[in-house]
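1. Return a 3D structure for these sequence lines:
(chains A and B)
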There are 2 protein chains.
Amino acid sequence: MSGPAARVSPLAPKRFPDLPAIAGVEAGIGRAGLYKHERPDLLLMRFAAGARAAGVFTTNAVGSAPTDWCKQALSAGRGSVRGILVNAGCANSFTGPAGDAACKRALEAAAAQIGVGGAREMLAASTGVIGVVLDADKIEGALAGIELGPVRWPEAASAIMTTDTFAKGAGATCEIDGVKVSLAGIAKGSGMIAPNMATMLAFVFTDAALSTPVLKSLLRAETEASFNSITVDGDRSTNDCVLLFATGQAKIPPIADAKDARLDSFRAALGQVLRDLAIQIVRDGEGATKLVAVNVDGAASDASAKAIARTICESPLVKTAIAGGDANWGRIVMAIGRADQPIRREMISVRFGDLFAARDGMIATEYDEGAMSAYMKRDELEISVTVGGGSGRARMYTCDLTKRYVEINGDYRS
Amino acid sequence: MSGPAARVSPLAPKRFPDLPAIAGVEAGIGRAGLYKHERPDLLLMRFAAGARAAGVFTTNAVGSAPTDWCKQALSAGRGSVRGILVNAGCANSFTGPAGDAACKRALEAAAAQIGVGGAREMLAASTGVIGVVLDADKIEGALAGIELGPVRWPEAASAIMTTDTFAKGAGATCEIDGVKVSLAGIAKGSGMIAPNMATMLAFVFTDAALSTPVLKSLLRAETEASFNSITVDGDRSTNDCVLLFATGQAKIPPIADAKDARLDSFRAALGQVLRDLAIQIVRDGEGATKLVAVNVDGAASDASAKAIARTICESPLVKTAIAGGDANWGRIVMAIGRADQPIRREMISVRFGDLFAARDGMIATEYDEGAMSAYMKRDELEISVTVGGGSGRARMYTCDLTKRYVEINGDYRS
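-> A predicted model of the protein is given here:
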């Protein structure tokens, strides 16, 4: 999954952001040699005693050894966690009992290296080729050389990349009940992206002291409008996960209810970090040249709106038209119709930015091909559709489908 | 939808087949000028008095004026029909009341031209750009110059093409209760193909004397394993329809029940013609270089097997790997997992032809990259997966996803 010589996506942010330090989090990177060429492929992190974690995981029914491990460990340990080991270059998915054993062995070695109680206090995440058992020997060898220290976020984000063309990070600070709290997150992902917790991994860290149920509730809610609202190619990975870690070093008063108003600022900051990371993944969508936001309103429900938005975002004909700079609204109408959702044909409208292409079930009277063509030259597009008279709405992000996507995915085993 | 200079698909049959004449069917072709360049774009047909028809139509909720018309006319006339007018170059979909009126006006002119009672005895089918009202003036002008005669199948099949690179036809003969019966069918379709009755149209003609309910029942059943079992890009058109016409000129004894054993030979012949036409559409899939059959067994039900087969067939990562000649079975496993169907991971196997890539939830011990690579060079591939211990099975057809697909669909308004 290292891929052909990576050209940085034209949609990449200008630089990696400055992320806050998170008290209670240390990291080190290593090279296990899971790629043929030399590159860092291991990230090892240690959390201070008392840290808590929550995760959301792929709904792909095949899954993987590391996602199985995390689900079990988080459940058994009630969210208590002391470390995580992340590798690129091997997904350790569809590897049967041998994959499970390799995962456990690597975590035992990692726990020993960072001096915590054992594999049960560790989480694991893997990304890369499906069907290859993780090489625990290589991991063990590389772990011995890793020294932990303050997290260097760009290096940490780079160590977990596969076909990514840039390292992804986002951070925020906020207050909980008057106490300053920091958040820092990293993510990877470029292809096989249609998370429904993708080959996307994201890790967000905070120094807030929050209980596991609160972390879990906040993460689930905020994942819906971020990672679960992006799609590059509709292919949902076996290994996707988003993990939220709270070290508790910022001492805040106990908050037992995720709906507590004192969490409003934190919830907003978490949502912002997750959305920022998710959109960076779309910006690094394989072969992408345009970032597209699709808004649906007038649907029967928010879930129905999302199903329509997803159908538009995943339509090869819509995506190739966008790649060609063609405001092909007829294909958007087709996609609305094939979503198998309740719609009212005579109420359908389609807008590109503020320009109406269709209105009330027909081509818009003010339709202007020239203005539309000019709009389509932008590298960030907003497509908004009304599909009926309901109150359901959704917003999803995708990218265009270019020849480069075919090249990246047809030219080598990833 | 005329597209860039069409190169004939490398998967095209060597020649148009010889189709039997169907007593009671006449045809003529015309040029209404719905394309910028000169080409035939109208097909007008007349059926002998007493002809019956049944149809299956797109489940795209947007639909189109012609599919709305046909559903209503077949219902009101109990399947009695005297003619059909088919145009390429304009789908007359998402055109509101103006589109409905234009459809009716064109059919009135067509009925007058062939000397039948009126628009109510006519069916309509349109394919081409979505959102443009059919130009009834142009149609009327062209109709006046059309003379009916014996059907020249290759010309009829060519007149209904859009981005198709070859004309599609299939025929068969069989016996019903000792009486010889003939079938001839034509179809068009290349992109926006994921029929679930696509921009596909198919018309099949027989001289058998069969009642409307029998025709309807046979057509619905046989569409499931043919047109509803192909996908090029997962995009289901607003205008798809398959129409079956029976002129009744071959005198057979009355058969009231579609399950009557005397229909076995006809059902098999109809199924064969529909499958042949459907596979020709996949062979003409936009940019296709490989024809792929996907077999799923061990599923919870046939419907579940089909959902899994469809997910594999529509996965961009699977399709681009095939384009690249890469036996990327890990992506097939991913697609099985993301189909949201009941599966048993430890029972999953994946075969390319007779070569096992995965078996019992892991890479197959006999996996041979060399043999696999050699197999993948073929232009017709069989991928077979077992997903569990159930008895559900399905077979679907698709093609690869190449740079040419992106080029065809990104370079112009179709």
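
2. Not counting its neighbours along the chain, what's nearest the residue of chain A most remote from its centre?
-> Distance from the centre of chain A peaks at residue A:365, with 40.0 Å (CA atoms, centre = their mean). Leaving aside its sequence neighbours, residue A:365 sits nearest to residue A:359 (CB to CB, 6 or more residues apart in numbering or on different chains; 7.5 Å). Where you see a C-beta, it was placed from the backbone N, CA and C, and this is true even at glycine.

3. Is it correct that the residue farthest from the centre of chain A falls within a helix?
-> No. Residue A:365 is assigned coil when assessed by DSSP: H, G, I helix; E, B strand; the rest coil, not a helix.

4. Residue A:277: which element?
-> Using DSSP states H and E, residue A:277 falls within helix A:264-283.

5. Tell me which helix or strand comes right after that helix.
-> Assigned by DSSP H and E, the successor of helix A:264-283 is strand A:291-299.

6. Check the offset of whatever helix or strand comes next after that next one from the chain's centre.
-> For strand A:291-299, the following helix or strand on the C-terminal side (DSSP H and E) is helix A:302-314. Distance of helix A:302-314 from the chain centroid (CA atoms, centre = their mean, to the nearest Å) equals 18 Å.

7. and helix A:302-314 with helix A:264-283, angle?
-> Orientation of helix A:302-314 against helix A:264-283 (axes from the mean of the first three to the mean of the last three CA atoms, to 10 degrees) gives an angle of 30 degrees.

8. Only the buried residues of helix A:302-314, if you could.
-> Judged by neighbour count using 16 or more other CB atoms under 10 Å in any protein chain shown, the buried positions of helix A:302-314 are A:304-314.

9. Those residues: which ones sit near chain B?
-> The subset of the buried residues of helix A:302-314 within reach of chain B, by CB under 8 Å from any CB of the partner chain, is residue A:314.

10. Nearest to residue B:242 among the buried residues of helix A:302-314?
-> residue A:311 (23.2 Å; CB to CB).

11. Give me the pLDDT for the closest residue to the closest one other than its chain neighbours.
-> If the residues on either side of it in the chain are set aside, residue A:311 comes closest to residue A:339, at 3.9 Å by CB to CB, 6+ apart. Here, the pLDDT recorded for residue A:339 equals 87.

12. what's the host helix or strand of residue A:141 packed up against?
-> According to DSSP H and E, residue A:141 maps onto helix A:136-143. The contact analysis (3 or more CB pairs under 8 Å, 6 or more residues apart in numbering or on different chains; DSSP states H and E) places helix A:136-143 against strand A:42-47, strand A:83-90, helix A:96-114.

13. Residue A:149: which of the ones you listed is closest?
-> Across the helices and strands packed on helix A:136-143, closest to residue A:149 is strand A:42-47 (CB to CB), at 10.1 Å.

14. what about the closest one, distance to the chain center?
-> Distance, centroid of strand A:42-47 to centroid of chain: 19 Å (CA atoms, centre = their mean).

15. now the angle between helix A:96-114 and it, please.
-> 60 degrees.

16. Would you mind listing the buried residues in the helix or strand following strand A:42-47?
-> Once strand A:42-47 ends, the next helix or strand along the chain (criterion: DSSP H and E) is strand A:52-57. Using 16+ other CB under 10 Å as the burial criterion, the residues of strand A:52-57 that qualify are A:52-57.

17. Can I get strand A:52-57 as CSV, trimmed to CA atoms?
-> What follows is strand A:52-57, C-alpha atoms only, in CSV (Å, rounded to 0.1, in the frame of the first residue of the first chain):
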residue,chain,number,x,y,z
ARG,A,52,-9.4,6.2,29.4
ALA,A,53,-10.3,5.3,25.8
ALA,A,54,-13.4,4.9,23.6
GLY,A,55,-13.5,3.6,20.1
VAL,A,56,-15.7,3.3,17.0
PHE,A,57,-14.9,0.5,14.6
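
18. quick one: average confidence on it?
-> On average, strand A:52-57 scores 86.

19. Likewise for stretch A:174-189?
-> pLDDT averaged over stretch A:174-189 gives 88.

20. just how off-centre is that stretch within its chain?
-> That offset, for stretch A:174-189, works out to 17 Å (CA atoms, centre = their mean).

21. Same check on stretch A:137-147?
-> The answer for stretch A:137-147 is 27 Å, by CA atoms, centre = their mean.

22. Cheers, nothing more for now.
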